[in-house]
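>>> give me a model of this one.
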Amino acid sequence: MDFFDKKKKRDDPFSDFREMEKRIQKMMDEMSKDAEFPGELFDRKRRPLVMSFSLKMNPKGTIRIREFRDNGKKGTAPAEAQKKPLVQVNEEGKKVTITAEMPGAKKEDISASVQGTKVTIQAEGTKKYFREIELNNRVKRKARMNFKNGILELTLEKRRA
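The predicted structure is shown next:
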């Protein structure tokens with residue numbers, strides 16, 4: 001079919017694209033009707049589980065991939081009452097800085113512990129938070145903690161190899 005075959009096509013130069021979009025949408029709808037999703041991707045209420053991964057590269061250039069899902073197995077509070085704070089890890093020189101968003105938490109309810117390369121952040125007040133962070137390097141157990149406006153900042157010093 002040529003572009004100049006029909007008068008309506010001259011009026012709307014995008015009609016071919018719209019027709020293609022309708023066909024693709026119809027095919028996608030038909031394919032999704034037949035698709036089966038494994039039950040393990042959903043919880044009991046048929047809500048999707050949160051699945052994530054992290055990539056970490058050590059100074060030698062080796063990349064470590066860690067997969068995890070937020071299924072409420074870790075921590076002390078039930079999954080419904082406990083939140084996983086957003087975390088950013090910055091390694092610069094001899095220091096590692098961990099920044100975590102914990103809105104509604106109070107400074108006196110927050111605790112942090114270090115064990116080898118694993119740092120655990122927890123808040124046990126009216127707002128409950130729990131997060132384990134795996135670092136590339138071992139750090140000293142002593143940390144500087146600063147909490148202001150719902151933002152926790154932990155500064156740790158790397159151990160010598």
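>>> what's the helix or strand Lys22 falls within packed up against?
Lys22 is located in helix 15-34, with elements delineated by DSSP states H and E. Applying 3 or more CB pairs under 8 Å, 6 or more residues apart in numbering; DSSP states H and E, one finds that helix 15-34 contacts helix 7-11. Any C-beta I mention is one placed from the backbone N, CA and C, and that applies to glycine too.
>>> pLDDT on the helix holding Lys22, on average?
The average of the pLDDT scores along helix 15-34 is 82.
>>> what residues sit buried inside it?
For helix 15-34, a neighbour-count test (16 or more other CB atoms under 10 Å) marks nothing as buried.
>>> same check on stretch 104-117?
For stretch 104-117, by 16+ other CB under 10 Å, it's 105, 109-110, 112, 114.
>>> just those residues now: which is nearest Leu55?
For the buried residues of stretch 104-117, the closest approach to Leu55 (CB to CB) belongs to Val114, at 22.2 Å.
>>> hang on, that closest one is in a strand, isn't it?
Yes: under DSSP: H, G, I helix; E, B strand; the rest coil, Val114 sits within a strand.
>>> is it in a bridge, and if so with what?
Val119 (DSSP bridges).
>>> domain ranges for the chain?
Here the domain parsing of the chain from automatic domain parsing is 1-35, 39-158.
>>> which stretch among those is buried most, on average?
domain 39-158 (a mean of 14; mean count of other CB atoms under 10 Å).
>>> weakest of the domains of the chain in terms of mean pLDDT?
domain 1-35 (a mean of 73).
>>> in the protein, which strand has the most residues?
Using DSSP state E to define each element, the chain has its longest strand at strand 139-148.
>>> from the contact counts, what lies against it?
strand 110-115, strand 151-158.
>>> Ile110 reaches Gln122, doesn't it?
Yes: the pair Ile110 / Gln122 is scored as a contact, 7.2 Å apart, by CB atoms under 8 Å.
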